[in-house]
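Asker: output the structure for:
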Amino acid sequence: FDLTQPTGSLAAAFVGSLNVKFLVISFTSDWLYPSYHSKQLVSALTAANVDVTYLDVRSSWGHDAFLLEVETMTNLLGSFLDRLVREEQVAAPAGYAPRALPAPIIGAQPNRTRLADSLA
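Answerer: The predicted structure is shown next:
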């Protein structure tokens, strides 16, 4: 699968995605999908002026980190979804309680990109 096939570039593949908010998570020890692949994706999303949150999580679990870092993934995804609920002012389902955790999104960057170099 090649995202660049129909448009010629990765950034052009996301031009119609202005109403989508992306979360890209990579793990520092992932050898199958190294962080630099995710950073290329984030650069393309940024070039297309798309809202993207990028987190590079420090882990020693390699490619399986996304399966084994359950608490980390739960906190990151939960915080991202909580942010979307707040920003979009979506009516939360009955019984919904936002997380009391601080958002793991560190250092808002220009052009609607949020970056975190690494999280312990």
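Asker: could you use CA atoms for every contact and neighbour count after this?
Answerer: Will do.
Asker: for the protein, what helix or strand is lowest in average pLDDT?
Answerer: Least confident helix or strand, the chain: strand 113-119 with a mean of 40, by mean pLDDT, DSSP states H and E.
Asker: so residue 53, which state does it fall into?
Answerer: What DSSP: H, G, I helix; E, B strand; the rest coil gives for residue 53 is strand.
Asker: ok, residue 59 next?
Answerer: Applying three-state DSSP: residue 59 is coil.
Asker: neighbours around it, how many?
Answerer: Using other CA atoms under 10 Å, residue 59 has 20 neighbouring residues.
Asker: hang on, isn't it packed against residue 28?
Answerer: Yes - the pair residue 59 and residue 28 qualifies as a contact (CA atoms under 8 Å) at a distance of 6.0 Å.
Asker: not counting sequence-adjacent ones, nearest residue to the residue nearest the centre of the chain?
Answerer: Central residue of the chain (CA atoms, centre = their mean): residue 23, 2.1 Å from the mean position. Excluding the flanking residues, the one nearest residue 23 by CA to CA, 6 or more residues apart in numbering is residue 53, at 4.8 Å.
Asker: got a pLDDT number for the one you found?
Answerer: The score at residue 53 is 91. That number is its pLDDT.
Asker: quick one: it from residue 95, how far?
Answerer: As judged by CA to CA, to the nearest Å, residue 53 and residue 95 stand 27 Å apart.
Asker: which of these two has more neighbours?
Answerer: residue 53 (23 against 6).
Asker: SS state for residue 56?
Answerer: strand.
Asker: for stretch 79-86, which residues meet the burial criterion?
Answerer: 79-80, 82 (16 or more other CA atoms under 10 Å).
Asker: what helix or strand does residue 79 sit in?
Answerer: helix 70-88 (DSSP states H and E).
Asker: tell me what angle that helix forms with strand 51-57.
Answerer: Interaxial angle, helix 70-88 versus strand 51-57 (axes from the mean of the first three to the mean of the last three CA atoms, to 10 degrees): 160 degrees.
Asker: which helices and strands does helix 70-88 pack with?
Answerer: Here helix 70-88 touches no other helix or strand, going by 3 or more CA pairs under 8 Å, 6 or more residues apart in numbering; DSSP states H and E.
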